[in-house]
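*Asks:* no FASTA, just this:
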């Protein structure tokens, strides 16, 4: 099981309902299996120097799944340069 003392900011369940992606208020992405919530992958999404601003709720991460649940994308706002960072993840490699 996982814990996030700062809290969760957003989540999205895969179209096949086998996976869920959570993002925390400290800028971490967690990929877990359903229904047992086993941690599959964890990644820091934002520069640690931005975490204070991130946890203030000024950032809104968007999560999108491909229809077959093999890929998902995260759009993470980047306050440092004003540009968003979009990353695609291959679930099969996790």
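*Replies:* Thanks, I have it. Here the structure is a predicted model, which is why all the values come from computation and not from measurement.

*Asks:* contacts, neighbours, all on C-alpha from now
*Replies:* OK.

*Asks:* beta-bridge partners for residue 10, please?
*Replies:* residue 23 (DSSP bridges).

*Asks:* what helix or strand does residue 88 sit in?
*Replies:* Using DSSP states H and E, residue 88 sits in strand 83-90.

*Asks:* which elements pack onto that strand?
*Replies:* When contacts are defined as 3 or more CA pairs under 8 Å, 6 or more residues apart in numbering; DSSP states H and E, strand 83-90 sits against strand 71-78.

*Asks:* okay, helices next: where are they in the protein?
*Replies:* 51-53 (DSSP state H).

*Asks:* where does the prediction get shaky in it?
*Replies:* 1-5, 47-59, 78-83, 93-94 (pLDDT under 70).

*Asks:* 90 - rerun?
*Replies:* 1-9, 24-28, 44-61, 75-88, 91-94 (pLDDT under 90).

*Asks:* thinking again about what came up before, contacts for the strand holding residue 88?
*Replies:* 70, 71, 72, 73, 74, 75, 76, 77, 78 (CA atoms under 8 Å, 6 or more residues apart in numbering).

*Asks:* just name the closest of the residues you listed to residue 63, please.
*Replies:* residue 74 (4.7 Å; CA to CA).

*Asks:* residues contacting the closest one?
*Replies:* 61, 62, 63, 64, 85, 86, 87, 88.

*Asks:* let me see the contact set for the third one.
*Replies:* Right, the one you point to is residue 63. 11, 12, 21, 72, 73, 74, 75.

*Asks:* filter the residues you listed to the buried ones?
*Replies:* Using 16 or more other CA atoms under 10 Å as the burial test, the contacts of residue 63 include 11, 12, 21, 72, 74, 75 as buried.
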